[in-house]
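S.K.: Build me a model from this:
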Amino acid sequence: MATTRRLRHLAAAALAFTAGACGGGPAAQQQAAPPPLGRIPSVTSLDQVARPIDTYVPKLDDEKKLIQARDLVIGECMRRYGVAYSGGDLNGMDTTATGYHRATPVYGFFGTDVPASRGYDRVTRLTPPAPQSSEYVGVLTGVGRDGEQASAPTGDPVPVGGCAKAGAAAIGGDLPRPDEHSLPGGGPRVPTTDPRLVAAYAQWSRCMRDKGFAYADPMAAYLDPKWVAGSTGGRAEHGKEEKETASADVECKKATNLVGVAVAVQSAYDSEYITSNSAQLAEFSRDLGERLRIADRILSGGGVG
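M.R.: Here you go, the predicted structure:
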């Protein structure tokens, strides 16, 4: 489920970048020159990817703490209504601090930490959730089998939103995404039409062509629908072509230093964004810090209040 959500976010982000680059007509194409680059790092592995914006991005451990506190509140709420809560699932969450750098709309896939047998890693083995009773779903969501307000096994009516709403409210609302898109305004906008990226894509594309793969840019390779066409029921089916393409993709990124160039370009736009959104970022960080303090209090037994 986590991988599916991330894929949707990546596809949507890629479309947003394309729309932003293509819109506006001639006047938009005559905008100011892109921000100057600093040092272009040599990047050959995922753990070398680092950007200025990383300081503000919610960490995976932060999201896990919020989930655990939310689920504790949900569990207590459901017990009051006579239903045992089975808990959320953290198994699908990435456990590495660099998880959100593994695939981006700017440079596509760079899973140097992913075994070659998993290809582009777009299809993962998922454990289907256990079926739940209508009483369970009603208490969790507040919606009964008939679409009306749910009643608990205790006979009490369940408030709108159910215990799921109570859990989210306890931690200050929806979970923040552990990537830059959770930041104010959706984070830095890095146009894939930036000339430094266009040149890097062309080098990468030539390298891929020499290896027998025809793609104009890295996202075209990563989002090739062939890689999910054979997936059914959550089973990972990474075929020979996918694994060979993903391997060649990463090799060409290393050979052309595409990711190094991309990180330099991203960093330049990050710095512009940070400067122009300093007040909003400070408020975002304060809010996240307060939410985490509330989560700590809940998890230590101090309750919501």
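
S.K.: which residues sit in contact with Ser45?
M.R.: For Ser45, the contact set (C-beta atoms under 8 Å, 6 or more residues apart in numbering) comprises 112-113. All C-beta atoms are positioned from the backbone trio N, CA, C, and that covers glycine.

S.K.: Does Ala168 touch Arg70 like I think?
M.R.: Yes - because the distance of 6.3 Å satisfies C-beta atoms under 8 Å, Ala168 is recorded as touching Arg70.

S.K.: if you count what's nearby, which of these two comes out ahead?
M.R.: Arg70 (23 against 17; other C-beta atoms under 10 Å).

S.K.: so the more buried one is in which element?
M.R.: Assigned by DSSP states H and E, Arg70 belongs to helix 60-80.

S.K.: Thr256: neighbour count?
M.R.: Thr256: 20 neighbours (other C-beta under 10 Å).

S.K.: so where do the helices sit in this protein?
M.R.: 2-22, 25-29, 60-80, 134-141, 162-170, 195-210, 218-222, 226-229, 240-256, 258-276, 278-299 (DSSP state H).

S.K.: returning to that earlier point: now the helix holding Arg70: average pLDDT?
M.R.: On average, the pLDDT along helix 60-80 is 94.

S.K.: Quick one: distance of it to the chain centre.
M.R.: How far helix 60-80 lies from its chain's middle: 20 Å, per C-alpha atoms, centre = their mean, to the nearest Å.

S.K.: got the buried residues for it?
M.R.: 60, 62-78 (16 or more other C-beta atoms under 10 Å).

S.K.: With stretch 264-284 instead?
M.R.: 264-271, 273-274, 277, 281, 284.

S.K.: In CSV: those, plus pLDDT and distance to Leu197.
M.R.: Listed next are those as CSV, based on pLDDT from 0 to 100; distance: C-beta to C-beta, whole Å:
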residue, pLDDT, distance to Leu197
Ala264, 98, 10
Val265, 98, 6
Gln266, 98, 9
Ser267, 98, 13
Ala268, 98, 11
Tyr269, 98, 11
Asp270, 98, 14
Ser271, 97, 16
Tyr273, 98, 17
Ile274, 98, 20
Asn277, 98, 22
Leu281, 98, 25
Phe284, 97, 27
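
S.K.: Please render those as JSON lines that adds distance to Ala199 to the earlier fields.
M.R.: Formatted as JSON lines, the buried residues of stretch 264-284 follow (distance: C-beta to C-beta, whole Å):
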{"residue": "Ala264", "distance to Ala199": "12"}
{"residue": "Val265", "distance to Ala199": "11"}
{"residue": "Gln266", "distance to Ala199": "15"}
{"residue": "Ser267", "distance to Ala199": "17"}
{"residue": "Ala268", "distance to Ala199": "15"}
{"residue": "Tyr269", "distance to Ala199": "17"}
{"residue": "Asp270", "distance to Ala199": "20"}
{"residue": "Ser271", "distance to Ala199": "21"}
{"residue": "Tyr273", "distance to Ala199": "23"}
{"residue": "Ile274", "distance to Ala199": "25"}
{"residue": "Asn277", "distance to Ala199": "28"}
{"residue": "Leu281", "distance to Ala199": "31"}
{"residue": "Phe284", "distance to Ala199": "34"}
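
S.K.: got the helices of the chain as JSON lines, with distance to Pro176 columns?
M.R.: Listed next are the helices of the chain as JSON lines, based on distance: least, C-beta to C-beta, whole Å:
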{"stretch": "helix 2-22", "distance to Pro176": "13"}
{"stretch": "helix 25-29", "distance to Pro176": "31"}
{"stretch": "helix 60-80", "distance to Pro176": "7"}
{"stretch": "helix 134-141", "distance to Pro176": "22"}
{"stretch": "helix 162-170", "distance to Pro176": "12"}
{"stretch": "helix 195-210", "distance to Pro176": "27"}
{"stretch": "helix 218-222", "distance to Pro176": "25"}
{"stretch": "helix 226-229", "distance to Pro176": "27"}
{"stretch": "helix 240-256", "distance to Pro176": "29"}
{"stretch": "helix 258-276", "distance to Pro176": "17"}
{"stretch": "helix 278-299", "distance to Pro176": "7"}
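
S.K.: Quick one: closest of those helices to Gly155.
M.R.: helix 134-141 (11.4 Å; C-beta to C-beta).
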